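[1] sequence and predicted model, in that order:
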Amino acid sequence: MANPDVITIGTTDYDVYGPRVDADTYFNGKLNRSTWANAAGSDKDRALVSATRTLDQQLWEGLPTDLVTPQVLAWPRTGVTDKNNQAVADSAFPTDLLNGYYELAQQILDDPALDEAANQDSNIKSVTADVVNVRFFRPVTGSILPTSVFNWIKQFLGSNTSNIGGFATGTDQCSGFTPPNGLLHNPYA
């Protein structure tokens, strides 16, 4: 199993997906790298720690590789395929995941509040000011992740066709889900 890298800030060690030296190499090949190139080493390290924490909050495809001894980070994972439908090695941190990690670290340097940002999508259908009335037309899904990050990692995220069921709210239609046993569950039946 691949071991995470460690960044030391002060006297504390933090597990991360890749060290600063690898991030520096990644950004050397990028045209708009000035934020990263001009940042202090300690700020780069903090951005990498923050990026790791944000990525570890995502719902990933597959399972952690080590289920006996809980692993520190969400990766490596088993049962994951890449965008070409090729199996990802159980001990690997895929290159696209690392590229997304580096991109996220740079985005956090640009905007330190990024990892705490709320969903900016809107599902408001109408707002009335005189008599307060807000109407929503459907639930909204979104991501706090910038597009440049999401495009690298989306292939590894768990899909909405997993065996986890649920139901939609805010609709005028009856909703249901198909559980693993294949029998439709209708909460209104």
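    Received, thanks.

[2] got the domain boundaries for this protein?
    Domain assignment of the chain by automatic domain parsing yields the ranges 5-156, 163-189.

[3] leaving out chain neighbours, which residue sits closest to residue 39?
    residue 109 (5.4 Å; CB to CB, 6 or more residues apart in numbering). C-betas here are computed from N, CA, C, even on glycine.

[4] host element of the one you found?
    Assigned by DSSP states H and E, residue 109 belongs to helix 95-110.

[5] would you mark the buried spots in that helix?
    96-109 (16 or more other CB atoms under 10 Å).

[6] that older thread, ranked by average pLDDT, which of the domains of the chain falls at the bottom?
    Among the domains of the chain, domain 163-189 carries the lowest mean pLDDT, at a mean of 50.

[7] all strands for the chain, in order.
    5-9, 12-16, 63-64, 77-78, 124-128, 133-136 (DSSP state E).

[8] residue 61 versus residue 85, what's the distance?
    From residue 85 across to residue 61, the span is 12 Å (CB to CB, to the nearest Å).

[9] more neighbours: which of those two?
    More crowded of residue 85 and residue 61, by other CB atoms under 10 Å: residue 61, with 16 against 7.

[10] surely that one and residue 153 touch.
    No - judged on CB atoms under 8 Å, residue 61 makes no contact with residue 153 at a distance of 10.4 Å.

[11] residues in contact with residue 58?
    Residues counted as contacts of residue 58 (CB atoms under 8 Å, 6 or more residues apart in numbering) are 74, 145, 153, 157.

[12] who does the last one bridge with?
    The one in question is residue 157. Note on residue 157: beta-bridge partners residue 60, judged by DSSP bridges.

[13] show me what contacts residue 146?
    Counting by CB under 8 Å, 6+ apart, residue 146 makes contact with 103, 104, 107, 114.

[14] surely the first one meets residue 147?
    No - taking contacts as CB under 8 Å, residue 103 lies outside contact range of residue 147: 9.7 Å.

[15] next, the buried residues of stretch 9-21.
    Buried residues in stretch 9-21 (16+ other CB under 10 Å): 14, 15, 16, 17, 18, 20.

[16] what's the end-to-end length of that stretch?
    15 Å (CA to CA, to the nearest Å).

[17] for stretch 75-92, same thing?
    8 Å.

[18] buried set for it?
    Here stretch 75-92 shows 75, 76, 77, 78, 80, 88, 90, 92 as buried, counting by 16+ other CB under 10 Å.

[19] switch these over to JSON lines; also include distance to residue 66.
    Output for those, formatted as JSON lines (distance: CB to CB, whole Å):
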{"residue": "75", "distance to residue 66": "11"}
{"residue": "76", "distance to residue 66": "8"}
{"residue": "77", "distance to residue 66": "10"}
{"residue": "78", "distance to residue 66": "9"}
{"residue": "80", "distance to residue 66": "14"}
{"residue": "88", "distance to residue 66": "15"}
{"residue": "90", "distance to residue 66": "9"}
{"residue": "92", "distance to residue 66": "14"}
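
[20] okay then, goodbye and thanks.
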